[in-house]
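[1] I would like to see how this sequence folds:
(chains A, B, C and D)
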Protein chains: 4
Amino acid sequence: MSERFTVMSEQAISDALADLPDWSLEKDGLKRVFQFKDFMEAFAFLTKVAMSAEALNHHPEIFNVYNKVTISGLCTHEADHAITTLDIELAGKISDFVS
Amino acid sequence: MSERFTVMSEQAISDALADLPDWSLEKDGLKRVFQFKDFMEAFAFLTKVAMSAEALNHHPEIFNVYNKVTISGLCTHEADHAITTLDIELAGKISDFVS
Amino acid sequence: MSERFTVMSEQAISDALADLPDWSLEKDGLKRVFQFKDFMEAFAFLTKVAMSAEALNHHPEIFNVYNKVTISGLCTHEADHAITTLDIELAGKISDFVS
Amino acid sequence: MSERFTVMSEQAISDALADLPDWSLEKDGLKRVFQFKDFMEAFAFLTKVAMSAEALNHHPEIFNVYNKVTISGLCTHEADHAITTLDIELAGKISDFVS
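    Numbering: from 1, shown residues only, chains lettered A, B, ... in the order given. Model (predicted):
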């Protein structure tokens, strides 16, 4: 069976993050912090993150307080928590919401 | 008891709509049509409309298909379906989401 | 290329609707009306409908006013607006949210 | 000007928490952990929390991963981070969504 993702080398992750400049690679996965005008804008953004996460069946950690959102722990559980193409795809979709 | 709204004269409604140029006054209340890039943007907008409507305890008719949203029937039931300051307030908040 | 849906015969639609008793077949597609305790429950339900619709890339018509929601026009545009297995799949998912 | 909340004594907080048995008082405010069937149910719940928080203009910390939600840091910033009637009101509304 073909997998829905490919595990990435350190070099491939590094190259991909060059196109995702506000994301960082932390011990537990990819992470980015977002700031909005107010809570309503922050939560509307989260709604788009939720729809993307559900469509990919790939769910990161989401933290929100008022106008701030942190997406973290973005890694692939089925790949023993490695960073895969699926993580880069979701990070890219999320970045598109704020570009 | 003071009301949470004031019924508006035809002139006052007309003046208010001059500042809300994409809204029209229909038989069943104020109406505006919105178009977005895709469904996710349309639904994120609806989430903000929902939070505003709930905060004001004032709920218009909402119609969505894919990237299109229609808000209509915006009038004040407690004022015998007249247009009141509450309707103009909600229309203004909704317009701010797309400006 | 294999399609992501199969057009259904009248008999197959009829059989499928037997398991979806609150849905009806209208001129423009499948339709069901839902009623909730209040607006917040209605909109939380819509959020689940939105995630399912986006995951299937299949978007019905959504109408809401206060505690009422109507899902309608559920048919498959790529199949010349016929009812397909994709419509029955989405109707089933939506029904599961209220069962 | 009358405040929109009242600071509560330790006894009053303790009494209120007796009616909110799954909430605990932590250093940074009230906290409760919720678990749902899946991500869609968790996020639909968060949508109701968001509408309630915005209506009260009172926003706790929200953490989600897949089917788990943690609401924490629920305290009143304008009262120097004390627990007030506003916190108990929001905790009660949130509990009602899962009862």
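[2] Count the neighbours of A:F5 for me.
    A count of nearby residues for A:F5, using other CB atoms under 10 Å in any protein chain shown, gives 18. For the C-beta atoms, the positions are set from N, CA and C on the backbone; glycine is no exception.
[3] show me where chain A has helices.
    A:10-18, A:39-56, A:85-97 (DSSP state H).
[4] which stretch among those helices comes nearest B:D15?
    Nearest to B:D15 among those is helix A:39-56; the distance by CB to CB comes to 27.4 Å.
[5] which helices and strands does that closest one pack with?
    strand A:61-65, strand A:68-74, helix A:85-97, helix B:39-56, helix C:39-56, helix D:39-56 (3 or more CB pairs under 8 Å, 6 or more residues apart in numbering or on different chains; DSSP states H and E).
[6] now those as JSON lines including mean neighbour count and mean pLDDT?
    Shown next, in JSON lines, are those (neighbours: other CB atoms under 10 Å in any protein chain shown; pLDDT from 0 to 100):
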{"stretch": "strand A:61-65", "mean neighbour count": "20", "mean pLDDT": "98"}
{"stretch": "strand A:68-74", "mean neighbour count": "20", "mean pLDDT": "98"}
{"stretch": "helix A:85-97", "mean neighbour count": "19", "mean pLDDT": "98"}
{"stretch": "helix B:39-56", "mean neighbour count": "22", "mean pLDDT": "98"}
{"stretch": "helix C:39-56", "mean neighbour count": "22", "mean pLDDT": "98"}
{"stretch": "helix D:39-56", "mean neighbour count": "22", "mean pLDDT": "98"}
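[7] any chance of those in CSV, with distance to A:Q11 too?
    Below are those laid out as CSV (distance: least, CB to CB, whole Å):
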stretch, distance to A:Q11
strand A:61-65, 26
strand A:68-74, 19
helix A:85-97, 13
helix B:39-56, 32
helix C:39-56, 32
helix D:39-56, 32
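[8] For chain A, which residues are neighbours of chain C?
    With CB under 8 Å from any CB of the partner chain as the criterion, chain A meets chain C at residues A:T47, A:A50, A:M51, A:E54, A:A55.
[9] just to revisit the earlier point, who wins for proximity to D:E89 among the helices of chain A?
    helix A:39-56 (17.3 Å).
[10] For A:Q35, give its distance to chain C.
    Look at A:Q35 and chain C: by CB to the nearest CB, to the nearest Å, they are 23 Å apart.
[11] Would you mind measuring from that residue to D:L74?
    Going from A:Q35 to D:L74 by CB to CB, to the nearest Å gives 21 Å.
[12] Check A:G29 too.
    In this view, A:G29 and D:L74 are 27 Å apart by CB to CB.
[13] just A:N64 next, same as before
    For A:N64, the distance to D:L74 - CB to CB - is 13 Å.
[14] Now for the two: what residues contact both?
    With contacts taken as CB atoms under 8 Å, 6 or more residues apart in numbering or on different chains, A:N64 and D:L74 have D:E61 as neighbours in common.
[15] who's in contact with the spatially most central residue of chain A?
    The residue lying closest to the centre of chain A (CA atoms, centre = their mean) is A:A91, at 3.6 Å. Shown in contact with A:A91 (CB under 8 Å, 6+ apart): A:L20, A:W23, A:L30, A:R32, A:L74.
[16] same thing but 7 Å
    Under the criterion of CB atoms under 7 Å, 6 or more residues apart in numbering or on different chains, the neighbours of A:A91 are A:L20, A:W23, A:L30, A:L74.
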